[in-house]
Each structure stands twice: as C-alpha cells, then as structure tokens.
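Engineer: Next come a sequence and a model predicted from it.
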Amino acid sequence: MSGVTNFFSALPAEMRDPVLFAIPFFLLLLTLEWTAARKLEKFDAAAAPEGSPAPQPSSGAYLTRDSIASISMGLVSIATTAAWKTLALIGYAAIYAYLAPWHLPATKWYTWVVAILGVDLLYYTYHRVAHRIRLVWATHQAHHSSQYFNFATALRQKWNNSGEILMWLPLPFLGLPPWLVFFSWSLNLIYQFWVHTERIDKMPRWFEFIFNTPSHHRVHHGMDQPYLDKNYGGIFIIWDRLFGSFQKELFRPHYGLTKQVDTFNIWKLQTHEYLAIVRDWRSATRFRDRLGYVFGPPGWTPRTSDKAADGAVPLVTSG
C-alpha cells in the first residue's frame, strides 16, 4: 500500500486523480452499508412468522454476485479511464495551447466555478444524449444493469469514456487547463458515489432543490414508466429543473433495464448492447432502419405498415 501511495505522491499535483484517493472511503462506506443490509435481512427473517414465505429484499439490499460484478467493473474502469484520459490529454492540451482565445488562471476562484459548473452541465448533456442515442447508450447501459441500488452499484462504471471525452472539448477551448478539467471530472464522479443508496431518504428541501441527492438518483435508476429518462444531473439537479427532465420520487423504484440482462459476466454486461446493435443492423432491410437502430433511442423499432396506418409511434424506453 505504501508503494502505491509513494507512486501517486511522486506524480505532479495536477495529475493526481482524486478518485484514486477516494477509493478507501468508497470501500469503507460500501462495507458499512453491506453489513447493515445483512443484519436487516437477518432481523426481518427472524421477525417473520414461522412458515411464511421468504421476505422480499429490503431497501439497499446486496446480492453478493451482483456486488462482485459491480466492484469488478469499477476496478477495470480505473485502468480504462486512465487510458481514455491519456488520449484526451493530447487533444485537450493542443486545444488549450493553440486554439483557446485566453487562458483562465487556476489560482482564481472563478476559474474553479467555471470548471465545476462547466463539467457538470456538459455531463448532464452527455448523460441525456446517452439515454436517447442507442450507440451512446451502449457505453452507459452497464451502469444501469443492476437490479439493486447501493454503493456497489455506484462502482459499476462503463469502460468506454469516449462520449464524455468528446463532450468536454469546449472546456479547454474556453481556457480551462486540461488538468483542471480532469480534476473537476473526478470531483463530479466522487460526488455521485453517495447518491447511490436507499439508506438516505430525503435531504433538506433547499438541498434537494439545488443538488443531486439519493432520492433524485433513485428515480434516475428506476425502470418504472414515470421514472424513465429523468434526473440526469451529476452534482446539480438544477439542469433537470431548467430543461424539463426532472421527476421527483413518488414511490420506491424497481431498478435495472427495461429488458433485464440476466448475467453477472462483466464482459457481457459491458458489450451485450453493442452486439444487439450489430444484430439489428444486419436484420434491417432498409438503410434508414439501420441508421435508426444505431442512432435512434434505445428500444427504437421501424414503423410497420400497420403502425403507420394507425398513426402509432414506437414506444421508446431505456433503463
């Protein structure tokens, strides 16, 4: 452990990823929540009358195989994210050095405000696109594939960060140093860890109005019809309120994808949607239908003659 610490301390301050230093706290909170869930399950089982059916999983329950899959995806994502950031650094540095009309000083408070708000607004934009364009959804859907909602689910990260990398291109053009873009991205990710829990009900009203909270994010992970494609914000929920994608929590959600993927194989969880796109592309007979399968919303299907006659529009959903 000391060797790892020495390695990161040897890096320039600008290149030290806060997420790496937050990992021990992630694991601590995950362990506490997991232990509490196990104790509650035993309490519920003991309190149930003899001969009664097994109780349903309580809020914040853990399934061991599901949690191991989530943690494994998170560990792999550390390496894949580092690789994507390395590629992005080349482009961001070139934009910052040669195209940015000015350079914002990292020593000024307003530069940090621009960085944190800019990253979060563009994250909201990317996140909304990811739920509405199937090819981008293929990169993101693994995070939604768990039917449980807990701190382990927060670690179920994607391995393809290309969408976010492209979405944040305007930030170095606005004069933000590339390292500050990455730092703000990491802060955004760290913040989002704690909203993946059912153990916290509601925060104070003023906090719920401005910030993303566990209540708001439970809605985002819900597969119930009122909750589909809502609450995209990372740190701030204000963007959802401004752009019409906000939904308050009405009831405890059912989690996962609208078409559940019954596997704990992390490779399949990450890649199954890409394979489904390829299958749909090959099955289509018209080029516009092929484009629809790739760039349409998740769940898009071509209009049939019967649907066209009835004026029906395909139901589009995503988990």
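Structural biologist: Ah, there it is.

Engineer: thought Ala69 was touching Ile266?
Structural biologist: Yes. With contact defined as CB atoms under 8 Å, Ala69 reaches Ile266; the gap is 5.5 Å. Quick note: C-beta positions are derived from backbone N, CA and C, even for glycine.

Engineer: Tell me, what's the model's pLDDT at the spatially most central residue of the chain?
Structural biologist: Nearest residue to the geometric centre of the chain (CA atoms, centre = their mean): His143, 5.7 Å. In this model, His143 is scored at 96, pLDDT.

Engineer: same question, Asp310
Structural biologist: The model reports Asp310 with a pLDDT of 43.

Engineer: ranges for the helices of the stretch 101-250 of the chain?
Structural biologist: Secondary structure of the stretch 101-250 of the chain (DSSP state H, counting those that start in this stretch): helices at 109-132, 134-140, 151-154, 162-167, 170-173, 178-193, 205-210, 214-221, 238-243.

Engineer: what packs against the fourth one?
Structural biologist: Other elements packing on helix 162-167 under the criterion 3 or more CB pairs under 8 Å, 6 or more residues apart in numbering; DSSP states H and E are helix 64-98, helix 109-132, helix 134-140.

Engineer: ok and the second one relative to helix 178-193, angle-wise?
Structural biologist: The one in question is helix 109-132. Going by axes from the mean of the first three to the mean of the last three CA atoms, to 10 degrees, helix 109-132 is angled at 60 degrees with respect to helix 178-193.

Engineer: Could you list the buried residues of helix 109-132?
Structural biologist: Across helix 109-132, burial judged by 16 or more other CB atoms under 10 Å covers 111-112, 114-116, 118-124, 126-132.

Engineer: Run a quick neighbour tally on Asp66.
Structural biologist: 19 (other CB atoms under 10 Å).

Engineer: hang on, I meant Ala79
Structural biologist: 10.

Engineer: Kindly report the same for Gln225.
Structural biologist: 9.

Engineer: before we move on, the earlier item: Arg156 is in contact with the residue nearest to the centre of the chain, correct?
Structural biologist: Yes. Applying CB under 8 Å, one finds His143 in contact with Arg156, separated by 5.3 Å.

Engineer: Who are the contact partners of the closest residue to Phe236 other than its chain neighbours?
Structural biologist: Closest residue to Phe236 apart from its sequence neighbours, by CB to CB, 6 or more residues apart in numbering: Asp120 at 5.4 Å. Going by CB atoms under 8 Å, 6 or more residues apart in numbering, Asp120 touches Asn188, Gly233, Gly234, Ile235, Phe236, Trp239.

Engineer: Could you do Phe251 as well?
Structural biologist: Asp224.

Engineer: which SS class is it?
Structural biologist: Going by DSSP: H, G, I helix; E, B strand; the rest coil, the secondary structure assigned to Phe251 is coil.
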